[in-house]
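Asks: Please find the sequence and the predicted model below.
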Amino acid sequence: MSKKRMRPRRPDWLSTTVFYEIYPQSFYDTNSDGIGDIPGIIRKLDYIQSLGCNAIWVNPCFESPFKDAGYDVADYYKVAKRYGTNSDLKRLFKEAQKRGIRVCLDLVPGHTSIEHPWFKKSCKAGKNKYSNWYIWTDNVWKSITGQYRVIHGYGERDGNFITNFFWLQPALNYGFAKPDPTKPWQLSTDHPDVKALRREIMNIMCYWLDMGADGFRVDMASSLVKGDNNQQATSRFWQQVRIMFEKNYPDAVLISEWFDPEKAVRAGFHADFAERFAYASLFRRERVCGMHPITEGYSFFRREGKGDIAKFVNSYLKHLNKTRHKGYISIPTGNHDLSRISFGRNLKEIELAFAFVLTMPGVPFIYYGDEIGMKYIESLPSKEGGYNRTGSRTPMQWSNGRNAGFSEATANKLYLPVDRSKNSANVESQQDKPYSLLNKVRRLIALRKSSAALCADGEFIPLYAKPRKYPFVYMRRKGREKFLITLNPSSNKVSANFKAPSISSPGRLQVGTGTVLTAKDGRSKVDMAPVSYGIFRM
């Protein structure tokens, strides 16, 4: 008998959601120790609500030695002391819920810190419950070659452990897709110890969901099972998690860091980021920032006008067609691993990038501070494993006051320095200015949420997306509602003629400037000023 296929169900709230990513140590400090905390997030919920964001993703907030900014977990069941307590996190869930805001936590299931009690026990020479919860070879003197990185001579057991990222992040053992019989330390995916670890990861998720969390963003979601070249074995685990969610937590979401939406959605995730195939071709400058490789060439959203939107559209449509009605593709303005969207752009260019992110299908993510144009600060010393990512993790800038309103601590105690450059951005200075970036972003979010066509499930129809040509024109449609979006990030005047049989009139401009749209006999034309955009209700 064939197995019954999992019914793809998506929580209804996800279709109208705009996420706000919070790096907790840099968001708002309430106890003057120089580090942001969970009470600080609670205090700023009204601000997040005022943006129009109705969900937040909180980067790791669990107990950790913070050698990788919390992505090295030492206790999955305990909030790190510097952020507060479990009770504080529970209060965040409740206060957010009062404001119609969902809270998703960052889950790091692929590895822990070397300080985790599980790992410390697995280091023991004697066999115990945790011996196989990490991947250890069976001889400290034998090297292994290939795709795995190993640490030699650690602990009292005779063997070396495999690490996932930094050396101090030992890989948890989800088994091997095809264990090598000559290497008995390679366990199968159905080994009892592997299955015990998997149950514990599910228990961790249930613990926080029972407390009030609304789901998880899953770090390195595709990296669990080793030797899993097609990622099918890893997918089977996440499919089991999804079944558990649908049975016990049908309103909770799973969002993956897979960077392959087609595979991630098939694996059971509700959404995945388009970062690997999208971010470099759309936003990133040639300078590398973060963990992920950049392709050569120019990105589309740059004034040089040398990008190629067709490359993005071709990849995007492939994933969109494979995930339609099953899951979502997320395009972020940035995140803690990338240079900020402001890097190399002025306010007008940033606004245009937001117009794109907030009119595309799927679930958009806004990285804290991007909505006010916070800068990527170059040449900062590495903090907690940030290296060249550190410049994107500086404190949120709330005001012109002390430490930009982030903390009452002395400047030398701050987690990272605030931007002290002339005319640095802050919320207070933009709050009451109708044409500030902050208020323009608010209007874009409000427009998106007011229209089913602009939200996650609206149809996406490219109308003009030519290789190495500008502008980019597309339609969003659902039912009788239609919007036409025109984008010209370049510093040149551009025009485009395109076939649009469903457009009989120029439409009404909702947001934007510098675009003239005409329509006649099933064809349309746009004439666009440099760095301009238009969102037309048709």
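Replies: Arrived safely.
Asks: Low-confidence stretches in the stretch 51-200 of the chain?
Replies: Along the stretch 51-200 of the chain, segments meeting pLDDT under 70 are nowhere present.
Asks: all strands of it, in order?
Replies: 55-58, 62-63, 75-79, 102-107, 149-151, 161-163 (DSSP state E, counting those that start in this stretch).
Asks: again, but for the stretch 401-538 of the chain
Replies: So, for the stretch 401-538 of the chain - with DSSP E, counting those that start in this stretch - the strands run 459-464, 472-478, 481-488, 494-499, 508-520, 523-537.
Asks: Quick check: mean pLDDT of the first one?
Replies: Averaging pLDDT along strand 459-464 yields 97.
Asks: what's across from the residue lying closest to residue 160 once chain neighbours are set aside in the sheet?
Replies: Nearest non-adjacent residue to residue 160, counting by C-beta to C-beta, 6 or more residues apart in numbering: residue 150, 4.3 Å away. C-beta coordinates here come from the backbone N, C-alpha and C atoms, glycine included. With DSSP bridges as the criterion, residue 150 is bridged to residue 162.
Asks: wait, what's in contact with residue 150?
Replies: Contact analysis of residue 150 by C-beta atoms under 8 Å, 6 or more residues apart in numbering lists 137, 143-144, 160-163.
Asks: Below-threshold pLDDT in this protein: ranges please.
Replies: For the chain, the ranges with pLDDT under 70 are 1-8, 285-297, 504.
Asks: Dump the strands of the stretch 51-200 of the chain to JSON lines, plus distance to residue 520.
Replies: Shown next, in JSON lines, are these (distance: least, C-beta to C-beta, whole Å):
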{"stretch": "strand 55-58", "distance to residue 520": "42"}
{"stretch": "strand 62-63", "distance to residue 520": "60"}
{"stretch": "strand 75-79", "distance to residue 520": "61"}
{"stretch": "strand 102-107", "distance to residue 520": "45"}
{"stretch": "strand 149-151", "distance to residue 520": "62"}
{"stretch": "strand 161-163", "distance to residue 520": "63"}
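Asks: before we move on, the earlier item: of the strands of the stretch 401-538 of the chain, which is nearest residue 246?
Replies: Go through the strands of the stretch 401-538 of the chain one by one with C-beta to C-beta and the one that ends up closest to residue 246 is strand 472-478, at 25.4 Å.
Asks: how does this structure divide up, domain by domain?
Replies: 12-110+194-449, 112-173, 459-537 (automatic domain parsing).
Asks: what does stretch 443-462 contact?
Replies: 14-18, 51-54, 313, 317, 320, 328, 354-355, 358-364, 472-479, 481-483, 510-511, 535.
Asks: For residue 371, grab phi and psi.
Replies: phi -70, psi -10 (degrees, to the nearest 10).
Asks: Identify each buried residue in the helix ranked longest in the chain, please.
Replies: The longest helix of the chain (DSSP state H) is helix 192-211. By neighbour count on 16 or more other C-beta atoms under 10 Å, the buried set for helix 192-211 is 194, 197-198, 201-202, 204-205, 208-209.
Asks: how long is stretch 49-60 end to end?
Replies: 22 Å (C-alpha to C-alpha, to the nearest Å).
Asks: Beta-bridge partners for residue 226, please?
Replies: Under the criterion used (DSSP bridges), residue 226 bridges to residue 176.
Asks: Next up, identify which helix or strand residue 10 is on.
Replies: Secondary-structure assignment from DSSP states H and E places residue 10 in no helical or strand segment.
Asks: wait, isn't it in contact with residue 269?
Replies: No - the criterion here is C-beta atoms under 8 Å, and residue 10 misses it with residue 269 at 10.4 Å.
Asks: Pick the one among the contacts of residue 150 closest to residue 102.
Replies: The closest of the contacts of residue 150, once distances to residue 102 are taken by C-beta to C-beta, is residue 163, at 33.2 Å.
Asks: What count of nearby residues applies to the closest one?
Replies: For residue 163, the neighbour count with other C-beta atoms under 10 Å is 20.
Asks: Report the contact partners of it.
Replies: 111, 149-151, 169-171.
Asks: Can you say which of the domains of the chain is nearest to residue 179?
Replies: That would be domain 12-110+194-449 among those, by C-beta to C-beta, at 7.8 Å.
Asks: for the closest one, how far is the first residue from the last?
Replies: 14 Å.
Asks: Also stretch 502-511?
Replies: Terminal-residue distance, stretch 502-511 (C-alpha to C-alpha): 21 Å.
Asks: Next: stretch 178-196.
Replies: 19 Å.
Asks: Need the contact partners of it.
Replies: 129, 131-133, 135-138, 159, 173-177, 225-227, 233, 236-237.
Asks: Filter these down to the buried ones and hand me the PyMOL line.
Replies: The buried subset of the contacts of stretch 178-196, as determined by 16+ other C-beta under 10 Å, is captured in PyMOL by this line:
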select buried, resi 131+132+133+135+136+137+159+173+174+175+176+177+225+226+233+237
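Asks: Number of residues surrounding the closest residue to residue 95 other than its chain neighbours?
Replies: Leaving aside its chain neighbours, residue 95 sits nearest to residue 42 (5.2 Å; criterion: C-beta to C-beta, 6+ apart). Residue 42 has 20 neighbouring residues, counting by other C-beta under 10 Å.
Asks: State the distance from the closest residue to residue 306 other than its chain neighbours to residue 526.
Replies: For residue 306, ignoring the flanking residues on the chain, the nearest one in space by C-beta to C-beta, 6+ apart is residue 298 at 4.0 Å. As judged by C-beta to C-beta, to the nearest Å, residue 298 and residue 526 stand 22 Å apart.
Asks: Mind checking which of the two has more residues around it?
Replies: Comparing residue 298 with residue 526 by other C-beta under 10 Å, the one with more neighbours is residue 526, at 26 against 16.
Asks: what's across from that one in the sheet?
Replies: Going by DSSP bridges, residue 526 is paired in beta bridges with residue 496, residue 517.
Asks: In contact with residue 531, which residues?
Replies: 303, 348-349, 352, 488-491, 514.
Asks: any idea which of the residues you listed is the one closest to residue 417?
Replies: Closest to residue 417, out of all of the contacts of residue 531 and judged by C-beta to C-beta, is residue 349, at 25.3 Å.
Asks: Test my guess that that closest one contacts residue 303.
Replies: Yes - using C-beta under 8 Å, residue 349 is in contact with residue 303, at 6.6 Å.
Asks: Could you tell me which residues touch both of the two?
Replies: What both residue 349 and residue 303 touch, as defined by C-beta under 8 Å, 6+ apart, is the set 489, 531.
Asks: So which of these two has more stuff around it?
Replies: Between residue 349 and residue 303, counting by other C-beta under 10 Å, residue 349 is the more crowded of the two (19 against 16).
Asks: measure the closest residue to residue 506 other than its chain neighbours to residue 534 for me?
Replies: Residue nearest to residue 506 in three dimensions, not counting chain neighbours: residue 517, with 4.7 Å by C-beta to C-beta, 6+ apart. Per C-beta to C-beta, residue 517 is found 7 Å from residue 534.
Asks: anything in contact with each of those two?
Replies: In contact with both residue 517 and residue 534: 484, 486, 509, 526, using C-beta under 8 Å, 6+ apart.
Asks: Spatially nearest residue to residue 390 (excluding sequence neighbours)?
Replies: residue 380 (4.6 Å).
Asks: what residues are up against that neighbour?
Replies: 386, 390-391, 394, 416-417.
Asks: Make TSV out of those residues and add neighbour count and distance to residue 183.
Replies: Below are the contacts of residue 380 laid out as TSV (neighbours: other C-beta atoms under 10 Å; distance: C-beta to C-beta, whole Å):
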residue	neighbour count	distance to residue 183
386	19	35
390	22	39
391	21	42
394	25	45
416	22	43
417	15	48
